[in-house]
Structures are given as C-alpha cells and as structure tokens.
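Undergrad: below is the sequence, then the predicted model.
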Amino acid sequence: MGNNRRWTFVLRIFRNICFQGQYLFLTFSLFWVLLGIVLNTVFGLASFYLPD
C-alpha cells in the first residue's frame with residue numbers, strides 16, 4: 001500500500017503524546033471517537049456518490 005510507513009509514524013507520535021501524562025485513556029478515547037466520526041462521514045458521503 002505504501003501507507004504503512006506513514007501509519008506507523010502517526011502511531012509513534014500518538015503513543016508518545018499519550019504516555020506523557022495521565023490522560024492516556026482520555027486521549028485514546030477521543031482519538032477513536034474522532035476517527036469514528038471521520039470514517040462515518042467519509043463512508044456516508046461515499047455511499048451517496050458510489051452505486052451499490
């Protein structure tokens with residue numbers, strides 16, 4: 001894919017941010033909530049423009 005290196009890079013940054021403080025769970029939850037919203041929006045819009 002070629003996206004793998006970028007993904008590990010993002011994960012490394014995210015992990016470094018998380019483990020800096022006591023807000024690990026909060027940051028992790030917020031990350032997944034935002035990721036879910038983005039994915040829902042993307043696939044929701046895609047389903048309008050792409051035929052089933």
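TA: Structure's in. What do you need? Residues are numbered from 1 along each chain as shown.
Undergrad: how about the helices in this structure?
TA: Taking DSSP state H to define them, one finds helices in the chain at 4-18, 24-49.
Undergrad: tell me where the model's unsure across this protein.
TA: Applying pLDDT under 70 to the chain flags the ranges 1-2, 17-22, 52.
Undergrad: now do 90
TA: Applying pLDDT under 90 to the chain flags the ranges 1-29, 43-52.
Undergrad: centroid residue for this structure?
TA: For the chain, the residue nearest the mean C-alpha position is residue 35 (4.0 Å; Cα atoms, centre = their mean).
Undergrad: any idea how far that residue is from residue 25?
TA: Going from residue 35 to residue 25 by Cβ to Cβ, to the nearest Å gives 15 Å. Every C-beta, even on glycine, is put in place using the N, C-alpha and C of the backbone.
Undergrad: what do you get for residue 16?
TA: On the measure of Cβ to Cβ, residue 16 and residue 25 end up 16 Å apart.
Undergrad: also residue 40?
TA: The spacing between residue 40 and residue 25, counted by Cβ to Cβ, is 22 Å.
Undergrad: now swap in residue 50 and tell me
TA: As judged by Cβ to Cβ, residue 50 and residue 25 stand 36 Å apart.
Undergrad: go on, residue 43?
TA: Counting by Cβ to Cβ - residue 43 and residue 25 are separated by 27 Å.
Undergrad: repeat for residue 49
TA: Noted for residue 49: a distance of 37 Å to residue 25, by Cβ to Cβ.
Undergrad: show me which of these two is the more surrounded one.
TA: In this view residue 49 and residue 25 are compared by other Cβ atoms under 10 Å, and residue 25 has more residues nearby, 9 against 6.
Undergrad: who are the neighbours in contact with residue 39?
TA: Listed by Cβ atoms under 8 Å, 6 or more residues apart in numbering, residue 39 has no contact partners.
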